[in-house]
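Undergrad: Sequence first, then the predicted structure, then my questions.
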2 protein chains.
Amino acid sequence: MSTKTGSPRKKLAIVLLSGGLDSCVTLAIASKEHEIALLHAQYYQRTQSRELIAFHKIANHFKVPEDRILITEIDYLKKIGGSSLTDKNLPIDKGETGSVIPNTYVPFRNTLLLSIAVSWAEVIEAEKIFIGAVQQDSPDYPDCRKEYYEAFNKLVEVGTKPSTHIQVVTPIIGMKKADIVKRGIELGAPLPLTWSCYENNDMACGQCNSCILRLRAFEVAGYEDKICYFENV
Amino acid sequence: MSTKTGSPRKKLAIVLLSGGLDSCVTLAIASKEHEIALLHAQYYQRTQSRELIAFHKIANHFKVPEDRILITEIDYLKKIGGSSLTDKNLPIDKGETGSVIPNTYVPFRNTLLLSIAVSWAEVIEAEKIFIGAVQQDSPDYPDCRKEYYEAFNKLVEVGTKPSTHIQVVTPIIGMKKADIVKRGIELGAPLPLTWSCYENNDMACGQCNSCILRLRAFEVAGYEDKICYFENV
């Protein structure tokens, strides 16, 4: 992210990096034209320790300095329950989602994460916030739709200081998963460092909704997924 | 909050209760027509231990059961700084605020708190969220204006499950502080249990922006403020 002497300094953007495939490709896209700050949340999801490892590996790959990294712990999602990602009493929905919202949905989670990003953006004077939402993956997650991001940006406009102009951008929201894999590989994004499985912390289960979407995306894109899966996948 | 046998059960509302005057009066208003759940956030503000005491005293007064209380800890506001409420290196702005945003402003904080409330509301099926925002106190806080709440409600509409209909309501947003005191006393709100001071945890300083607004409100309303202030106030 260094710039040549004399060239204008790139503007600062915050990227929400979970450690998954989509956020990694989003980071690769954002880093082409911005200096990067990274936000990561630990919200007591089942695979949070593994996601944190993926986060740090990807952050290192992109050489993001320590003072541009914010890792926040969010306790309330565990306390309120309602999602199988944070409530171990609920089994993770397997396979593809139909037309109902799967139980891995964490209510209003993206609003929370984006709110934190906007707070931070006000303080560090970042002008954009990148989030790797993908509508196709989760057509029924209310907060993965373009309409939601339009409403959020309106909120940012009226809810922040008049001197700030912060915008949330969703560069891959309309893309198919296989095209996201291709785009990531074109950009040199370190996809083998990412983690997508909702269930496991060691080897990906290959059976949860997130694993299935990922495996199929690599297959359609014509690339090998180099992370480890259980042998029977 | 018990209902007579045979009468319809009151609908559930979440009230954001900081422990201050405004949120206490808002709770008194909400409790007239709703069963109550309470949300309180500890975000490493200077007076958080004192606010938590006030919160519990008020919750007890209203007989809110334990399973309808959510206390969440938010670490990132401390990490990002930018406000004198959470950053001890910044002195608290004294006296009245002029036309600039005071340094007690915590960027986008209300969005964060409301996001948590909406998540919880989805899980416990609350239909309303009450917040004691007051425009007059903080005309330059971007998130204390009606326009902000209209934008937030639009976001809730598009960002939650279609089956939910959660609405944020701001019953005192247009009221003068003295009228809030009067309304609280009319409703029997336990104002002596509330805490407003931004600076101290034992006796209210009487000098910070929040103390000055409170003292003047009681004076104009013609009531005695029964909390303890330093003698020289």
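TA: Thanks, I have the structure now. Just so you know, these numbers come straight off a predicted model, no measurement behind them. Numbers count the residues shown, from 1 in each chain, chains lettered A, B, ... in the order given.

Undergrad: What is the least confident helix or strand in chain A?
TA: Least confident helix or strand of chain A, by mean pLDDT, DSSP states H and E, is helix A:76-80 with a mean of 80.

Undergrad: Tell me the first helix or strand C-terminal of it.
TA: Sequence order places helix A:109-124 as the next helix or strand after helix A:76-80, per DSSP states H and E.

Undergrad: quick one: buried residues of the least confident helix or strand of chain A?
TA: If you call a residue buried by 16 or more other C-beta atoms under 10 Å in any protein chain shown, then helix A:76-80 has these buried ones: A:76-77, A:80. (Each C-beta comes from the backbone N, C-alpha and C, glycine too.)

Undergrad: Just name the closest of those to chain B, please.
TA: Of all the buried residues of helix A:76-80, A:Y76 has the smallest distance to chain B: 3.9 Å, by C-beta to the nearest C-beta.

Undergrad: quick one: that closest one and B:V118 touch, right?
TA: No: judged on C-beta atoms under 8 Å, A:Y76 makes no contact with B:V118 at a distance of 11.5 Å.

Undergrad: just to revisit the earlier point, other SSEs contacting the least confident helix or strand of chain A?
TA: Packing partners of helix A:76-80 (3 or more C-beta pairs under 8 Å, 6 or more residues apart in numbering or on different chains; DSSP states H and E): strand B:69-73, helix B:109-124.

Undergrad: Check the model's average confidence along the first one for me.
TA: On average, the pLDDT along strand B:69-73 is 92.

Undergrad: Sheet-wise, list the partners of it with their directions.
TA: Applying DSSP bridges, strand B:69-73 is found paired with strand B:34-42 (parallel).

Undergrad: helices or strands up against the following helix or strand past the strand it pairs with?
TA: Counting by DSSP H and E, the element after strand B:34-42 in chain order, helix or strand, is helix B:48-61. Packing partners of helix B:48-61 (3+ C-beta pairs under 8 Å, 6+ apart): strand B:34-42, strand B:69-73.

Undergrad: now the first one against helix B:48-61, angle please.
TA: Okay, so that is strand B:34-42. Computed by axes from the mean of the first three to the mean of the last three C-alpha atoms, to 10 degrees, the angle separating strand B:34-42 from helix B:48-61 equals 170 degrees.

Undergrad: now the last one
TA: Comparing the axes of strand B:69-73 and helix B:48-61 via the same axes, to 10 degrees yields an angle of 170 degrees.

Undergrad: can you pull the buried residues of strand B:69-73?
TA: B:69-72.

Undergrad: Can you tell me which of these comes closest to chain A?
TA: Among those, and counting by C-beta to the nearest C-beta, the member closest to chain A is B:T72, at 3.9 Å.

Undergrad: List the beta-bridge partners for the closest one.
TA: Legend: beta-bridge partners of B:T72 under DSSP bridges are B:A41.

Undergrad: mind listing what it touches?
TA: B:T72 is in contact with A:75-76, A:79, B:39-42, B:116, counting by C-beta atoms under 8 Å, 6 or more residues apart in numbering or on different chains.

Undergrad: Just give me the closest of these to B:A54.
TA: B:H40 (9.6 Å; C-beta to C-beta).

Undergrad: what number of residues lie near A:G174?
TA: For A:G174, the count of nearby residues is 11 (other C-beta atoms under 10 Å in any protein chain shown).

Undergrad: Quick check: it vs A:L191, distance?
TA: Separation of A:G174 from A:L191 (C-beta to C-beta, to the nearest Å) stands at 20 Å.

Undergrad: What subset of the contacts of B:T72 is buried?
TA: A:75-76, B:39-42, B:116.

Undergrad: Throw those into TSV and include distance to B:I124, thanks.
TA: Output for those, formatted as TSV (distance: C-beta to C-beta, whole Å):
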residue	distance to B:I124
A:D75	17
A:Y76	13
B:L39	11
B:H40	15
B:A41	17
B:Q42	21
B:I116	12
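
Undergrad: of all the residues you listed, which comes closest to B:E147?
TA: When the buried ones among the contacts of B:T72 are compared against B:E147 (criterion: C-beta to C-beta), the nearest one is B:I116, at 21.8 Å.

Undergrad: and that closest one, what pLDDT?
TA: Reported pLDDT for B:I116: 94.

Undergrad: Please consider this matter closed, and thank you.
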